[in-house]
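Novice: 3D, please:
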Amino acid sequence: MRPQRPATVTASIWLTVAVMAVSGISALLTVPYKDELISAWRAGRPDTSSVEQPAFVPVALVMFVVVAMLTAVLLMFFREGHNWARLLIISTILLLGIATLAVLRTELPTLFLVLCWGAVVLDLAAVGCLMHKDTRTWFRTGVAEPAARS
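Specialist: The predicted structure is shown next:
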């Protein structure tokens, strides 16, 4: 019999989905805030005349779609009890968190600052649940047995 899924595993799934939702909202908001983001990028840069300004909108949207699709596939494997998927989700969320912290050093519009700090909090909560003792134990006991997957 398959053991009961701990609350930390369920919370991990929902927090990972929340991280992706906040990332999606941020990516979509690059469209109406394109000019403000370019102004924030230019602020404090003496070389803006010699450097081509970045195209934030297509990069943000494509990057979000790729990362969200990867995370969705990893979550399917995670729910089935594959520990390697848990480790890859942790890595993905940590990389997103590092990227978010890197973005915070620029002077973003207030809405983006709020979304970024919210994403950092969600990242920490998701990684905490993914690394929690109950989650690790769930992967070690019962779930990884071949009979439990058939």
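Novice: State the mean pLDDT of stretch 98-107.
Specialist: Per-residue pLDDT over stretch 98-107 has a mean of 86.
Novice: ditto for stretch 10-22
Specialist: For stretch 10-22, the mean confidence score works out to 95.
Novice: Name the residues that touch it?
Specialist: Identification of contacts with stretch 10-22 by C-beta atoms under 8 Å, 6 or more residues apart in numbering yields 67-68, 71-72, 75, 78-79, 86, 89, 93, 96, 115, 118-119, 122-123, 125-126, 129-130, 132, 135. No exception for glycine: its C-beta is placed from N, CA and C like everyone else's.
Novice: Of those residues, keep whichever come out buried.
Specialist: Among those, those scoring as buried are 67-68, 71, 75, 78, 86, 89, 93, 96, 115, 118-119, 122-123, 125-126, 129-130, 132, 135 (criterion: 16 or more other C-beta atoms under 10 Å).
Novice: State the distance from L88 to F139.
Specialist: Separation of L88 from F139 (C-beta to C-beta, to the nearest Å): 13 Å.
Novice: before we move on, what about E36?
Specialist: For E36, the distance to F139 - C-beta to C-beta - is 44 Å.
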